[in-house]
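> okay, predicted coordinates and the sequence, questions at the end:
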Amino acid sequence: MRSDNHAHPAGPALADRVLEKTGVDVARCYQCGKCSAGCPLAAEMDFPPSQIMHLLQLAEGFPEYAELALRSHTIWLCLTCEICYARCPMELDIPKVMDALRHQSLAQKKVNPKAKDILAFHRAFLDSLQYTGRLFEMGQIVDYKMRSRHFLQDMLQAPWMFLVGKLHLLPERVRNRRLLGRIFARTLKAKEKRP
Amino acid sequence: MKTGFYPGCSMKGSAREYSESLLAVAAALGRELPEVPDWNCCGATAAHNLDPDLSLALPARILAAAEKDGMDEVLVPCAACYSRLSVTRHELLQDETLRQRISGLIEADFRGAARVLNIIEWLAAIPGLESMIKAPFARRVACYYGCLLVRPAGVVNFDRPEDPQSMDLFMKKLGAEPLDWAFKTECCGAGFSVSRTDLVAKLSGLILEDAVARGAEAVIVACPMCHLNLDMRRPNIEKRSGQKYGIPVIYITQALGLALGLPAKKLGLQRHKVAVKFPAANAAAKDI
């Protein structure tokens, strides 16, 4: 059924792909809307969680709906607070679906432009990690400012943090950084290299 | 039974008072908490948002290191790290193929022998605590659990996913009066503190507003991100809502430390943005 038609890269295959990656069968969602009612950021989203589930259901016949889901702001606004999953009467792991959609959206270069700061923060975080193995907050903030161009944000926060001893000027490092480097090379970096 | 300690990155930096207060309390109770050898970051939100394998590999390396060191359980006080380590252990123990693949990525055999322990579990298991209380924490408190200590229920298997009670029960032991309130497990905005400060100000503002409206004198937390958003982001919260909230946000380990009679400085109270003091009007007990 669903897997018969793979003509559109993001279309009918998307619900199958979600099932394969997360074990969640989106067809089981009966649109009660509890996830959207409890979602702390539903009001900020272009599609609340229940509508994302609906888009995935409809994507079988209408590939453009899969496209909407992958290009949505919602998938990046999801905080993984797990309230939707806790309340879903069908016990569908919606946060896991959001993770899978984010990975697809990234792989297909369909990230919503409104999510650029959120993505810049995540990338700055992982950048900091792959060289030190532990988060270096100071380095991450500088990296984020360069990526996001928000140079003036929190200008007074950093000196205060430094004064109360919360900000270190040098990173803490893992001893076995070579292994960390290899783990990154086998995961995140390997994917970025793939076309 | 050997209990290891995974501090995670926040507790070494922006949340160092959480670590300071935990270690001060552990010393007072005569408990050893050796760190997991050569631990790395758990990958946090960034890893699971961007790369599924990386989000499993980083916590798996931590747990494999703890196992190798003979640790039976690992105390993970940061609720966010606790979630990533718990999810990883859960997923790898459920799926043998995945376990083998991730073990290959980290060049170590992850077996899942070390249990993941959150701060409330560790604190609740201290025997005879009531008899050690020197200065009861006699305040009306709003216990704020946040999201990841109690969810997903099937993974953490701890307390209730909504309206949990464990932290309330613990605070009662310290002499506090925990309040019934509506935002115990609502999200503070978590990892958006820098990238979407506006949303954090909104969500964290709602939490403080309810705590204050119910008459709480302090918000008790068990997560560096919750603390960061409710304490350090207070100016952003107040700017957005146009209201002033003087209510301090205190780590559960700091509350315990105060109740055990440890000095405020040893517990890192001076590192908070919002001063830890209580209004004189309802100060039945003396200020700290």
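Alright, I've got the coordinates.
> is stretch A:127-136 up against chain B anywhere?
Yes. Stretch A:127-136 lies within reach of chain B by C-beta under 8 Å from any C-beta of the partner chain, at A:129, A:133-135. Yep, even glycine has a C-beta here, placed from its N, CA and C like the rest.
> and the residues you listed, which two are the farthest apart?
Farthest apart among the residues of stretch A:127-136 next to chain B by C-beta to C-beta are A:Gly133 and A:Leu135. That separation is 9.1 Å.
> between those two, which contacts overlap?
B:Cys41 (C-beta atoms under 8 Å, 6 or more residues apart in numbering or on different chains).
> who does the strand or helix carrying B:Leu208 touch, helix- and strand-wise?
Secondary structure assignment for B:Leu208, by DSSP states H and E: helix B:197-213. Packing partners of helix B:197-213 (3 or more C-beta pairs under 8 Å, 6 or more residues apart in numbering or on different chains; DSSP states H and E): strand B:218-221, helix B:234-241.
> what mean pLDDT does the longest one get?
The one in question is helix B:234-241. Helix B:234-241 carries an average pLDDT of 96.
> can I get the longest helix along chain A in PDB, CA atoms only?
Longest helix in chain A, counting residues (DSSP state H): helix A:116-132. The C-alpha trace of helix A:116-132 is given here as PDB (Å, rounded to 0.1, in the frame of the first residue of the first chain):
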ATOM      1  CA  LYS A 116      17.700  29.100  12.000                       C
ATOM      2  CA  ASP A 117      18.600  30.300  15.500                       C
ATOM      3  CA  ILE A 118      17.500  27.100  17.100                       C
ATOM      4  CA  LEU A 119      19.600  25.100  14.600                       C
ATOM      5  CA  ALA A 120      22.600  27.400  15.000                       C
ATOM      6  CA  PHE A 121      22.500  26.800  18.700                       C
ATOM      7  CA  HIS A 122      22.400  23.000  18.300                       C
ATOM      8  CA  ARG A 123      25.300  23.100  15.800                       C
ATOM      9  CA  ALA A 124      27.400  25.400  18.000                       C
ATOM     10  CA  PHE A 125      26.700  22.900  20.900                       C
ATOM     11  CA  LEU A 126      28.000  19.900  19.000                       C
ATOM     12  CA  ASP A 127      30.900  21.900  17.500                       C
ATOM     13  CA  SER A 128      32.100  22.600  21.000                       C
ATOM     14  CA  LEU A 129      31.700  18.900  22.000                       C
ATOM     15  CA  GLN A 130      33.600  17.200  19.200                       C
ATOM     16  CA  TYR A 131      36.900  18.900  20.100                       C
ATOM     17  CA  THR A 132      36.600  18.800  23.900                       C
END
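> what's the angle between the next helix or strand after that helix and helix A:116-132?
Proceeding N to C from helix A:116-132, the next assigned helix or strand is helix A:137-148, under DSSP H and E. Angle, helix A:137-148 to helix A:116-132, by axes from the mean of the first three to the mean of the last three C-alpha atoms, to 10 degrees: 140 degrees.
> buried stuff in helix A:137-148?
Neighbour-count burial for helix A:137-148, counted by 16 or more other C-beta atoms under 10 Å in any protein chain shown, picks out A:137-141, A:143-145, A:147-148.
> what of stretch B:214-228?
Neighbour-count burial for stretch B:214-228, counted by 16+ other C-beta under 10 Å, picks out B:216-228.
> again, but for stretch A:81-99
For stretch A:81-99, the neighbour count (16+ other C-beta under 10 Å) marks A:81-88, A:92-99 as buried.
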